[in-house]
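> I'd like to go over a predicted model; first the sequence, then the structure.
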Amino acid sequence: MKKSLLGATFGALALSLSLAPFQSAFADEIGACLITKTDINPFFVKMKEGATATSMHHGINLSTFAGKVDGDHETQVQAIETCIASGAKGILLTASDTKAIVPVVQKARDAGLLVIALDTPLEPIDAADATFATDNFKAGELIGQWAAAKLGADAANAKIAMLDLTPSAPSVDVLRDQGFLKGFGIDIKDPAKIGDEDDARIIGHDVTNGNEEGGREAMENLLQRDSEINVVYTINEPAAAGAYEALKSFGLQDGVLIVSVDGGCPGVANVQDGVIGATSQQYPLLMASKGIEAIKAWAETGEKPQNTEGLNFYDTGVNLVTDQTADGVPSIDVEEGMKRCWG
Amino acid sequence: MSDAKSTPRPKQDFEQTLDASDKNVAAFERQHHTLLDRIQHFLHGYPTMVPVIVLVISIAVFGMLAGTKFFSPFNLSLILQQVSIIGILAAAQSLVILTAGIDLSVGAIMVLMSVIMGQLAITLGVPAPLAIIVGFIGGIAAGMLNGFLVTRVKLPPFIVTLGTWNIFFALNLWLSGAQSIRSQTIDQIAPLLKFFGESVSFGGAQITYGSILMVLIFAVLWYVLNHTAWGRHVYAIGDDKEAAELSGIRTNRTLISVYAVAGLVCAIGAWASIGRVGSVSPQSFQEANLQSITAVVIGGISLFGGRGSIVGPLIGALIVGVFNSGLRLVGVDVLWQVFAIGWLTIIAVAIDQWIRKVSA
């Protein structure tokens, strides 16, 4: 984390030195910052790509920052402070700690910056000027509906494994999990809480850290509880790939529906290969490019972006990707999903 | 003789207190040995017994709580499978810790080498055996870098490997583009990479080649550490580096070789990890560094170097696996599994400290 900051600082220093003679020409250039949770996840890599491309197009000076690991709050705070100091007009932020970041976000807004939360809403959501995100609850709901429709009458006797993200259950984890269960037709009780359901069809929850290794181990654990699991919800596609490996090693891969969320290119390829039944695709590139455009509009006209009607954020859209269409559940096919996949 | 006994000569004046005096021959002072003292002495002689006892007790307790599900051959073989990668890393970690060092970069070396193997074999189309060998060489090189910085630049191992952890991690992201290589792609192009994911089944148990590999690595290291000069040097350096140097051991050279061997073991672990995970995943095993240290510590190898058996970390890794599996089958939340492992680590080190205090 220090390295990236240091790198950015040196980079900025070198840039400002080399550009010093031309400073006047750039004086009224709009500055913007993109702060992501990590540099690791292809999701954020794509986000950065989208932001960079749009910034180039509009002649906006973009600086990017990232935490070292998910949950690296400290680096994000420093990044926001750096942005304020740099005189940027706006910040695009995927917060690691959605509550703790609020005071420093307020500081940025007080300094006249437009702060847009990307992908991950702050808590409270109106702590940012706007939120551009996937409707994660809807993403979950789509795969839940699809799985229920695929099973038809057997949905009443389904045995469901829930492969969640981390023990701390960040909002995206809760929204997708609860969305899936609601879509499947299960009483979710408190929609802000994972695991308070008492429906006997849920065999259990385990965490995956959103990667293949965690997905495999979590699936093994739940199969140890009940080897007749036939529906597997996964927080993302790497976890789904891991779950499939576990099923395969148990010789149980046939007849199990795996559903997921993300729409990354390897994930969509896994839908094509039949590893994943259906996945809800989200659009990080769009979040970032819309975000940059919003900062531009803010800098030029002082206009703030509007929320999608009926929601408290701007919905960048989600599509179910599958080649096995189910009645009453809108979806796009793998070919279309491949065209729009990220990472 | 009997006469003399029956009619003792009357004692003279100065002999009057003789009966009350000590009749023992000269000897070292003997303390009263409590049971605890005896245990302490016993464990000092056989430090690996601590984890062995813990393992046996935890298996018994979880067996009672979780019943037949826990004791099924399948579940036991699954535990073995689940700990295999951390176990291999713990073997590498043990070597370094025995020299009184620490290697925070083992997990990062492993993931980086798995990415190198994957990228070479899948993306660049290099024949799989060659890709694997390059990975091995890379592991040795990464370890030697650590060793060089520790011995020649004379930096503390903690700092060196903290740095290289970051460096290897960054290289991993750069080489992989943070993207996993899919299981299906590996099957098509280089199935050899997934060799250690294959398994043999008997009696319901499913033993992966990866599990066998882990046990083999420990067996080889046990032999090397106990029956070769190099192995004894490793212990000697960990116990007292200066004394080892004075007795003619080329400590720096040995230390570099220790880090290099650790790097190689990590690279072998990298190959095994591809089989275990199924894909080449740059995002997996982010906590492996610390998990390997946990296994070593629970396994009774002293963090102060020079003491402990290489078999310990294998048992340490198994204890963690048994705890996780048992707690899960009983239905305990993930949170409390983490909690339990935390306490286990602290208790293990406390016991180690206590054993070290043993006197005479």
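The structure has been received and is ready for your questions. Numbering: from 1, shown residues only, chains lettered A, B, ... in the order given.
> Going by C-alpha atoms from here, please, whenever you check contacts or count neighbours.
Fine.
> A:Val115 - that's part of a strand, no?
Yes - using DSSP: H, G, I helix; E, B strand; the rest coil, the assignment for A:Val115 is a strand.
> could you pull out the helices for the stretch 251-360 of chain B?
Secondary structure of the stretch 251-360 of chain B (DSSP state H, counting those that start in this stretch): helices at B:251-277, B:288-298, B:311-330, B:334-356.
> One more: the stretch 1-150 of chain B?
Applying DSSP H, counting those that start in this stretch to the stretch 1-150 of chain B gives helices spanning B:2-6, B:35-45, B:49-66, B:68-71, B:73-98, B:106-118, B:128-151.
> Tally up the residues packed near residue 93, please.
This is for chain A. As a burial measure, A:Leu93 scores 29 neighbours (other Cα atoms under 10 Å in any protein chain shown).
> Actually, chain B is the one I wanted.
31.
> Could you do B:Ile159 as well?
15.
> Adding mean pLDDT, write the helices of the stretch 1-150 of chain B out as a markdown table.
Putting these into a markdown table (pLDDT from 0 to 100) gives the following:
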| stretch | mean pLDDT |
| --- | --- |
| helix B:2-6 | 52 |
| helix B:35-45 | 82 |
| helix B:49-66 | 87 |
| helix B:68-71 | 82 |
| helix B:73-98 | 94 |
| helix B:106-118 | 97 |
| helix B:128-151 | 97 |
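> Just name the most buried of those.
Each of those was assessed for mean neighbour count using mean count of other Cα atoms under 10 Å in any protein chain shown. The highest is helix B:106-118, with a mean of 31.
> other SSEs contacting that helix?
Judged by 3 or more Cα pairs under 8 Å, 6 or more residues apart in numbering or on different chains; DSSP states H and E, the packing partners of helix B:106-118 are helix B:73-98, helix B:128-151, helix B:157-176, helix B:251-277, helix B:288-298.
> Could I get those helices in CSV, plus columns for distance to chain A?
Converted to CSV, those look like this (distance: least, Cα to the nearest Cα, whole Å):
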stretch, distance to chain A
helix B:73-98, 7
helix B:128-151, 19
helix B:157-176, 7
helix B:251-277, 5
helix B:288-298, 11
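> Looking at the stretch 1-150 of chain A, which residue is nearest chain B?
A:Ile40 (5.4 Å; Cα to the nearest Cα).
> Report the secondary structure state of A:Asn319.
Under three-state DSSP, A:Asn319 falls in the strand class.
> picking up where we left off before, contacts only, for the closest residue to the residue of the stretch 1-150 of chain A closest to chain B other than its chain neighbours.
Take A:Ile40 and drop its neighbours on the chain: the residue closest to it by Cα to Cα, 6 or more residues apart in numbering or on different chains is B:Ala178, 5.4 Å away. Contact analysis of B:Ala178 by Cα atoms under 8 Å, 6 or more residues apart in numbering or on different chains lists A:40-42, B:172, B:282-283.
> Over to A:Asp177?
A:137, A:140, A:162, A:164, A:194, A:233, A:235.
> Now for the fifth one: which residues touch it?
For A:Ile194, the contact set (Cα under 8 Å, 6+ apart) comprises A:169, A:174, A:177-178.
> got it, and the fourth one?
Contacts for A:Asp164 (Cα under 8 Å, 6+ apart) come out as A:173, A:177, A:205-210, A:234-235.
> Whichever of these end up buried, select them in PyMOL.
Written as a PyMOL command, the selection of buried residues from the contacts of A:Asp164, which uses 16 or more other Cα atoms under 10 Å in any protein chain shown, is:
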select buried, chain A and resi 173+177+205+206+207+208+209+210+234+235
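> pLDDT for the contacts of A:Asp164 - can I get that in TSV?
Converted to TSV, these look like this (pLDDT from 0 to 100):
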residue	pLDDT
A:Asp173	91
A:Asp177	96
A:His205	92
A:Asp206	92
A:Val207	91
A:Thr208	92
A:Asn209	89
A:Gly210	89
A:Thr234	97
A:Ile235	95
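> that older thread, list just the one of the helices of the stretch 251-360 of chain B that sits closest to A:Ser96.
Minimum separation from A:Ser96 across these (Cα to Cα) falls at helix B:334-356, 19.8 Å.
> on that earlier part again, what about the contacts of A:Asp177, which are in strands?
A:162, A:164, A:233 (DSSP state E).
> so which of the residues you listed comes closest to chain B?
Nearest member of the ones in strands among the contacts of A:Asp177 to chain B, counting by Cα to the nearest Cα, is A:Asp164, at 11.4 Å.
> where does the closest one land on pLDDT?
Per-residue pLDDT puts A:Asp164 at 94.
> again with B:Arg276
Looking at B:Arg276, its pLDDT reads 93.
> residue ranges with poor pLDDT in chain A?
Along chain A, the model assigns pLDDT under 70 to residues A:1-28, A:343.
> Quick one: the helices in it, in order.
Per DSSP state H, chain A carries helices over the ranges A:2-19, A:23-26, A:42-58, A:73-86, A:102-110, A:136-151, A:171-184, A:212-225, A:237-249, A:265-272, A:284-301, A:334-340.
> for the ones you listed, which one ends up most surrounded?
helix A:237-249 (a mean of 27).
> which other helices and strands contact that helix?
helix A:212-225, strand A:257-262, helix A:265-272.
> Give me the residue at the spatial middle of chain B.
With distances taken as Cα atoms, centre = their mean, the residue of chain B nearest its centroid is B:Pro313 (2.7 Å).
> so how far is B:Ala236 from it?
19 Å (Cα to Cα, to the nearest Å).
> number of nearby residues for residue 263?
This is for chain A. That count, for A:Gly263 with other Cα under 10 Å as the rule, works out to 30.
> The chain in question should be chain B.
So B:Gly263, with other Cα under 10 Å, has 33 neighbours.
> do you know how far it is from B:Gly203?
Relative to B:Gly203, B:Gly263 is positioned 36 Å away (Cα to Cα).
> Same question for A:Gly140.
40 Å.
> Show me which residues of chain A sit near chain B.
By the rule Cα under 8 Å from any Cα of the partner chain, the part of chain A lying against chain B is A:40-42, A:167, A:206-207, A:211-214, A:216-217, A:221, A:224-225, A:238, A:241-242, A:245, A:266, A:343.
> Okay, now the unreliable bits of the stretch 251-360 of chain B?
Applying pLDDT under 70 to the stretch 251-360 of chain B flags the ranges B:359-360.
> Beta-bridge partners for the nearest residue to A:Asp119 once chain neighbours are set aside, please?
Distance criterion Cα to Cα, 6+ apart; nearest residue to A:Asp119, sequence neighbours excluded, is A:Ala133 at 4.1 Å. Counting by DSSP bridges, A:Ala133 is bridged to A:Asp315.
> A:Ala133 contacts A:Asn312, doesn't it?
No - counting by Cα atoms under 8 Å, A:Ala133 does not reach A:Asn312; the two are 10.4 Å apart.
> where does the residue nearest to A:Thr325 when sequence neighbours are not counted sit relative to B:Pro127, distance-wise?
Nearest non-adjacent residue to A:Thr325, counting by Cα to Cα, 6+ apart: A:Ser331, 6.8 Å away. Distance, A:Ser331 to B:Pro127, by Cα to Cα: 40 Å.
> These two: which has the busier surroundings?
Neighbours per residue (other Cα under 10 Å) separate A:Ser331 from B:Pro127, with A:Ser331 holding more: 23 against 14.
> residue contacts, that one?
By Cα under 8 Å, 6+ apart, A:Ser331 lies in contact with A:319-322, A:325.
> Nearest residue to B:Val334 in space, please, no chain neighbours.
Spatial nearest neighbour of B:Val334, chain neighbours left out: A:Pro167 (6.7 Å); criterion: Cα to Cα, 6+ apart.
> contacting residues for that neighbour?
A:207, B:334-335.
> Same question for A:Tyr244.
By Cα under 8 Å, 6+ apart, the contact set of A:Tyr244 is A:216, A:253, A:258, A:275.
> Take the helices of the stretch 251-360 of chain B and write them to JSON lines, including distance to A:Glu335.
Shown next, in JSON lines, are the helices of the stretch 251-360 of chain B (distance: least, Cα to Cα, whole Å):
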{"stretch": "helix B:251-277", "distance to A:Glu335": "27"}
{"stretch": "helix B:288-298", "distance to A:Glu335": "37"}
{"stretch": "helix B:311-330", "distance to A:Glu335": "40"}
{"stretch": "helix B:334-356", "distance to A:Glu335": "38"}
